[in-house]
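Peer 1: just the structure for this:
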Amino acid sequence: MKRFLILFLLTAAAAPVAAQIYVPGEELFYRVSYRAKLVPNTEVATVVVRTAQTELDGRPVYNVFGHGKTMASFRWFFSLDDRYNIWVDTATLRTVRFTSDIHEGGYTFRSRFDYDWPQRKVATRWQKRDLPENRKEMALTDVSMDAVSLFFNMRSADAASFRVGEQRELQMVLEDTIRHLRYRFEGREVKKIRDVGKFRTLKFACQIGTSESFSFTDGSEFFIWLSDDQNKIPLYLESPIRVGSVNAYISGFKGLKYPLTSRIR
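Peer 2: Below you'll find the predicted structure:
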């Protein structure tokens, strides 16, 4: 599930970092379901993504908070409570800090990334359970981002620039490595979202590389549908797992910057 939540917070990117959209007061709510050959589609978790404006070390920042947790009826089977935060400089629109706090069953994991953009480097630290903390410093490029920053970057892209079948690649900062993310525009599609309605969407296929090299050998892809309007809200995500698939769909939203013109009434 941790892998899925990271994928959910990724939506790739197709525009410069400085164009990212952060809207204080915006809230996006999602339901997560699991489906397998002999298992009907079953809702198992919720995800919320909230944006606010605050201060960090005396400077104004946007704070984006992502929280995924299992629904009460499934916590006896598998307890999940994952929290992600980023703080983004309001002037440069670059992420200055990222944190994660993950609790899944008896497994715990914490991480923190501190970005130094003038020096083009990021200092990462992470800790599993009660083991000693690990630290590493890595070089950054203009397309290096954490998972939550990637979530927002695609939303700033000009849809007119997308070409069906076109592939692009980005870099995702993880604890001790830089992973490469490849994505491909699949085209426009009308997508029905349960209990919300029908939407005009932009569909993308995404794949995460297996190492710091451009290696995409496992063949697994996940798919995401964004609203085909100025908000570019992630509406639906489908990710294959070892047995079956995990899906997420939007269940509510507040504080959008633009009208949701993609919804077909």
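Peer 1: for stretch 133-147, the averaged confidence score.
Peer 2: Computed over stretch 133-147, the mean pLDDT rounds to 79.
Peer 1: and what of stretch 185-194?
Peer 2: 92.
Peer 1: what comes up buried for it?
Peer 2: 185, 186, 191, 193 (16 or more other Cβ atoms under 10 Å). Just so you know, the C-beta spots here come from the backbone N, C-alpha and C atoms, and that holds for glycine as well.
Peer 1: lowest average confidence, helix or strand, in the protein?
Peer 2: Lowest by mean pLDDT, DSSP states H and E among the helices and strands of the chain is helix 2-9, with a mean of 47.
Peer 1: contacts for the next helix or strand after it?
Peer 2: Using DSSP states H and E, the helix or strand that follows helix 2-9 towards the C-terminus is strand 27-36. Outside strand 27-36, the residues that touch it by Cβ atoms under 8 Å, 6 or more residues apart in numbering are 4, 8, 41-51, 68, 194, 233-234, 243-255.
Peer 1: and the buried residues of stretch 185-194 as TSV, adding distance to residue 144?
Peer 2: Listed next are the buried residues of stretch 185-194 as TSV, based on distance: Cβ to Cβ, whole Å:
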residue	distance to residue 144
185	22
186	25
191	31
193	32
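Peer 1: in a markdown table: those, plus secondary structure and distance to residue 165.
Peer 2: Shown next, in a markdown table, are the buried residues of stretch 185-194 (DSSP: H, G, I helix; E, B strand; the rest coil; distance: Cβ to Cβ, whole Å):
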| residue | secondary structure | distance to residue 165 |
| --- | --- | --- |
| 185 | strand | 7 |
| 186 | strand | 8 |
| 191 | strand | 19 |
| 193 | strand | 25 |
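Peer 1: for the stretch 1-150 of the chain, which spans come out with low pLDDT?
Peer 2: By pLDDT under 70, the weakly predicted segments of the stretch 1-150 of the chain are 1-21, 35-41, 75-78, 143, 145-150.
Peer 1: quick one, helices of it?
Peer 2: 2-9, 147-153 (DSSP state H, counting those that start in this stretch).
Peer 1: I'd like the next helix or strand past the shortest one.
Peer 2: Per DSSP H and E, the first helix or strand lying C-terminal to helix 147-153 is strand 167-173.
Peer 1: who does that following strand pair with, and is each partner parallel or antiparallel?
Peer 2: strand 144-145 (parallel), strand 178-193 (antiparallel) (DSSP bridges).
Peer 1: next up, the contacts around the closest residue to residue 74 other than its chain neighbours.
Peer 2: Nearest residue to residue 74, sequence neighbours excluded (Cβ to Cβ, 6 or more residues apart in numbering): residue 44, at 5.1 Å. When contacts are counted by Cβ under 8 Å, 6+ apart, residue 44 touches 32, 33, 34, 70, 71, 74.
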